[in-house]
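> Sharing a model prediction with you, sequence too.
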Amino acid sequence: MRYIAETIGQRLKLPAKSSAAEEAEAYFGWLALFANLDLPASSEQTRRRLGWRPTGPTMLADLAQLPLANN
């Protein structure tokens, strides 16, 4: 989550900062419940079952290259 927030912040030229759980709850409301969950994900099953082999950039590289809405 940290790396995603930092990448988006850099792209938008906005600071990213770490927040205590209480701060996040006050700022994000009910969405903070999801941000605090540890939900590791893997593409292993998709790769194995469907033979999928990703060829594009990583998520962070893709986020760093997204065009801004006003460009």
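It's in. Numbering: from 1, shown residues only.
> Could you pull up the contacting residues of the closest residue to L66 other than its chain neighbours?
Counting by Cβ to Cβ, 6 or more residues apart in numbering, L66 lies nearest to R11, which is 6.6 Å off, once chain neighbours are set aside. Using the backbone N, CA and C atoms, a C-beta is placed for each residue, glycine as well. The contact partners of R11, by Cβ atoms under 8 Å, 6 or more residues apart in numbering, come to L63, A64, L66, L68.
> change it to 7 Å
L63, A64, L66 (Cβ atoms under 7 Å, 6 or more residues apart in numbering).
> Number of residues surrounding L12?
For L12, the count of nearby residues is 12 (other Cβ atoms under 10 Å).
> Give me the next element, helix or strand, following the helix or strand hosting the residue nearest to L66.
Using DSSP states H and E, R11 falls within helix 2-12. Next in sequence after helix 2-12, counting helices and strands by DSSP H and E, comes helix 21-28.
> Please list the residues outside that following helix that contact it.
A32, A35, N36.
> Narrow the residues you listed to those in helices?
Residues of the contacts of helix 21-28 located in helices (DSSP state H): A32, A35.
> check contacts around L31.
Contacts of L31 by Cβ under 7 Å, 6+ apart: none found.
> Rebuild the contacts of helix 21-28 as TSV, extending it with distance to R2, pLDDT and neighbour count.
TSV is the format used below for those (distance: Cβ to Cβ, whole Å; pLDDT from 0 to 100; neighbours: other Cβ atoms under 10 Å):
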residue	distance to R2	pLDDT	neighbour count
A32	15	85	17
A35	11	80	13
N36	13	78	12
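> quick revisit: roughly how far does the residue nearest to L66 sit from Q65?
Distance, R11 to Q65, using Cβ to Cβ, to the nearest Å: 9 Å.
> what's the answer for S43, then?
S43 is 21 Å from Q65, by Cβ to Cβ.
> Ok, L39 next?
25 Å.
> Which one's more surrounded, those two?
Regarding L39 and Q65, a neighbour count based on other Cβ under 10 Å identifies Q65 as having more, with 9 against 5.
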